[in-house]
Every structure is written in C-alpha cells, then in structure tokens.
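Peer 1: sequence first, predicted coordinates after that:
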Amino acid sequence: MEERTVQGQVALVTGGNKGIGRAVAELLAAEGVTVVVGARDSRRGEEAAAAIRRGVGEARAVVLDVTDPGSVRAAARWIEERFGRLDVLVNNAGISGSGQAAPQDALDRVPSAVDVERVRAVFDTNVFGVITVTNAMLPLLRRSKAARIVNLSSHAASLTMTATVGGPLSELPSMAYSPSKTALNALTLQYANELREENILVNAAAPGYVDTDINGHSGFLTPAQGAAVVVRLATLGDDGPTGGFFSEDGPLPW
Ligand code: NAP
C-alpha cells in the first residue's frame, strides 16, 4: 500500500483523547497533519490536543459525542469554519459493553443471557455513531482532493474467523461488541461502494489486541503499534485499496 505526503492535511479522530485514537492523532500530527481531536469530554480533548502541540505537531480539540447528533453537527460546523474541509476521518470512538476484560459478566456476551439494552448501547456508539459522524463530515470530506475514511474494526468482526469451530473467536461469546464490529465492516463496504468514484477511500482497520482502557489493559500491543495500520489506511495514495479490511499484517477475512 503506497502512502502519500499528508503535510498540511486536516484529520478528525473521534475518541482521540486516549488509547489508540490518541496514538493515531499523535502519529498523524507527527507527519504534518493538523489533527482535530474529537472527545466527548472537553477537558480530556483539550488536554490531549495541548500535549500533541507541545510534543509532535498541530492539534485542536472539538467536543464530539458520536451518540449525540447535535454535538456531531456542531463539530462539523466548527471544522468547516476553521478549516473549510476535511481530508481524513478516523471513526475510532468505540465501547465494548461490559468489557472484553470481564468474561464473568454474561449480560452482553452470552447469547442466551444477553440484555438487549446493552447490545443497543454498544450499537449506538460503534455502528449508529459512525453513520452520524460520517454523514455529517462527508460534505467536508468531499471538498478534499482525495479524502480517506478509516473505521476502527476488530479481528472479532470477522464472520469467517467466528465461524471457524475450535478457533479463538468461536470460543469467545460476544453478543454486543463483535456483532457491532461486523456491522461496522458492512457499513465500510457500503460507504466504499458509494464513494469509489469520488476518490474517497474507505477501509476498516483491525489494530490487534492493544493495551488500553477498553480491555482493562490486558492487550499486549502498545497504542502506537495498534495505530500503525490505521495511519497507513489514513494516508493511502490514490492507487490504494477501498472497501478492505486490514490488520498490520495484511488483509483479513470478512
Ligand atoms: P479506549 O482507550 O477505551 O478509547 C476509546 C475512546 O472512544 C475514548 O476516547 C472514549 O472517550 C471514546 N468514546 C467512547 N464512546 C464515545 C462516544 N459516545 N463519543 C465519543 N467518543 C467516545 O479504547 P481503544 O482500545 O483505544 O479503542 C479505540 C477503538 O479501537 C475502538 O473502536 C475499539 O473498539 C477499537 N479496537 C480496540 C482494540 C484493543 O485491543 N484495544 C482491538 C480492536 C479494536 P472517553 O475517554 O470519554 O471514554
């Protein structure tokens, strides 16, 4: 996958205040991208943006809760007024429900015991939030010469791997998180197909098992290692793929 020069571009990273999103924001800023850190908590967003400015590059914070369409519209207006366009959208914000680190909690994991409200809450953030943000930002992305959208998926999204009896995913019940990421993969394909002719490349990234709050810090990769594939897809050249599902090691089975 060829990368391109991204100096001077503008990128929005949702949930950019910590974890993988924060690492994506830092890595893009280090490449000369002006990063808009989307955070649902203004203080956490401002602190992250200030730390990036002190360290590697240019960053601003905007309040953005992906489950609140009003805050998403306000964030789009703010980006329009300040920058007039958007080159990269990283749909990173996500929740796991009770958490991958809480296997004893069956309420969002075991199919026969699931609490549907928990599933709904996870889909609200991981799926419907992505539609809300993407559609609000598309008018700005269309003003870029070659926009890129990266959706933070997961190996757990893979139906092929989940259907492999005896494989690690067939033994990991997950009624909320994994299906939400499978739906996100489906959305990725829908957007890729619509936007193909406009040179807007849309891909899903699986960061691997990363040491962050979402899994109670049980992951073994650093946030920067998890962010690598995301940054690669955010900086694709015009000949890059669209409608793909990638880890840092290459394409993943749907
Ligand atoms: P994290 O450290 O818990 O970060 C999640 C980020 O999403 C935080 O900034 C959080 O904000 C934000 N967020 C949650 N709900 C939001 C909402 N409604 N509106 C706006 N922001 C919201 O987890 P992470 O590991 O970095 O996860 C980032 C993405 O990678 C997620 O989509 C996750 O599913 C995906 N992923 C992670 C792993 C892994 O092993 N860590 C593996 C595969 C995929 P607050 O600080 O306000 O809570």
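Peer 2: That came in fine, so what should we check first?

Peer 1: point out where this structure drops to low pLDDT.
Peer 2: 1-3, 99-106 (pLDDT under 70).

Peer 1: close to the ligand: what parts of it are there?
Peer 2: Contact residues (Cβ under 6 Å from any ligand atom) of the chain with the ligand: 14-15, 17-21, 40-41, 44, 64-67, 92-95, 125, 129, 152, 154, 207, 209-210, 212-215, 219. Placement of C-beta: from N, CA and C, glycine included.

Peer 1: so who does Glu47 touch?
Peer 2: Neighbouring residues of Glu47 by Cβ atoms under 8 Å, 6 or more residues apart in numbering: Asn17.

Peer 1: secondary structure element for it?
Peer 2: In the assignment (DSSP states H and E), Glu47 maps to helix 42-55.

Peer 1: just the buried members of the residues of the chain next to the ligand?
Peer 2: Buried by 16 or more other Cβ atoms under 10 Å: 14-15, 17-21, 40, 44, 64-66, 92-95, 125, 129, 152, 154, 207, 209-210, 212, 214-215, 219, out of the residues of the chain next to the ligand.

Peer 1: where helices are concerned, which of the residues you listed count?
Peer 2: Gly19, Ile20, Gly21, Arg44, Gly129 (DSSP state H).

Peer 1: dump those residues to TSV, plus distance to Glu117.
Peer 2: Below are those laid out as TSV (distance: Cβ to Cβ, whole Å):
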residue	distance to Glu117
Gly19	25
Ile20	26
Gly21	26
Arg44	26
Gly129	17
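
Peer 1: biggest separation within the residues you listed, which pair?
Peer 2: Greatest spacing in those, by Cβ to Cβ: Arg44 and Gly129 (17.3 Å).

Peer 1: quick one: buried residues of the helix or strand where Gly70 lies?
Peer 2: Gly70 is part of helix 69-83 when elements are defined by DSSP H and E. Neighbour counts over helix 69-83 (16+ other Cβ under 10 Å) mark Ser71, Val72, Ala75, Ala76, Ile79, Phe83 as buried.

Peer 1: what does that helix contact?
Peer 2: Against helix 69-83 from outside (Cβ under 8 Å, 6+ apart): 10, 12, 34, 36, 38, 40, 60, 62-66, 86, 132-133, 136-137, 139-140.

Peer 1: swap in stretch 236-254?
Peer 2: Residues contacting stretch 236-254 (Cβ under 8 Å, 6+ apart): 1-4, 146, 148, 153, 155, 157-161, 185, 188-189, 192-193, 195-196, 199-208, 225, 228-229, 232-233.

Peer 1: of the residues of the chain next to the ligand, which belong to strands?
Peer 2: In this view, the residues of the chain next to the ligand that belong to strands under DSSP state E are Thr14, Leu152.

Peer 1: nearest residue to the middle of this structure?
Peer 2: For the chain, Asn92 is the residue whose C-alpha lies nearest the centre (Cα atoms, centre = their mean; 2.3 Å).

Peer 1: do you know how far the residue lying closest to it once chain neighbours are set aside is from Lys145?
Peer 2: Using Cβ to Cβ, 6 or more residues apart in numbering and skipping residues adjacent in sequence, the residue nearest Asn92 is Gly21, 3.8 Å away. Gly21 sits 25 Å away from Lys145, taking Cβ to Cβ, to the nearest Å as the criterion.

Peer 1: so what's Leu27 up against?
Peer 2: So Leu27 contacts Ala224, Ala227, Ala228, Val231 (Cβ under 8 Å, 6+ apart).

Peer 1: would you mark the buried spots in the helix or strand containing the first one?
Peer 2: Right, the one you point to is Ala224. Element membership of Ala224 [criterion: DSSP H and E] is helix 223-234. Neighbour counts over helix 223-234 (16+ other Cβ under 10 Å) mark Pro223, Gln225, Gly226, Ala227, Ala228, Val229, Val230, Val231, Arg232, Leu233, Ala234 as buried.
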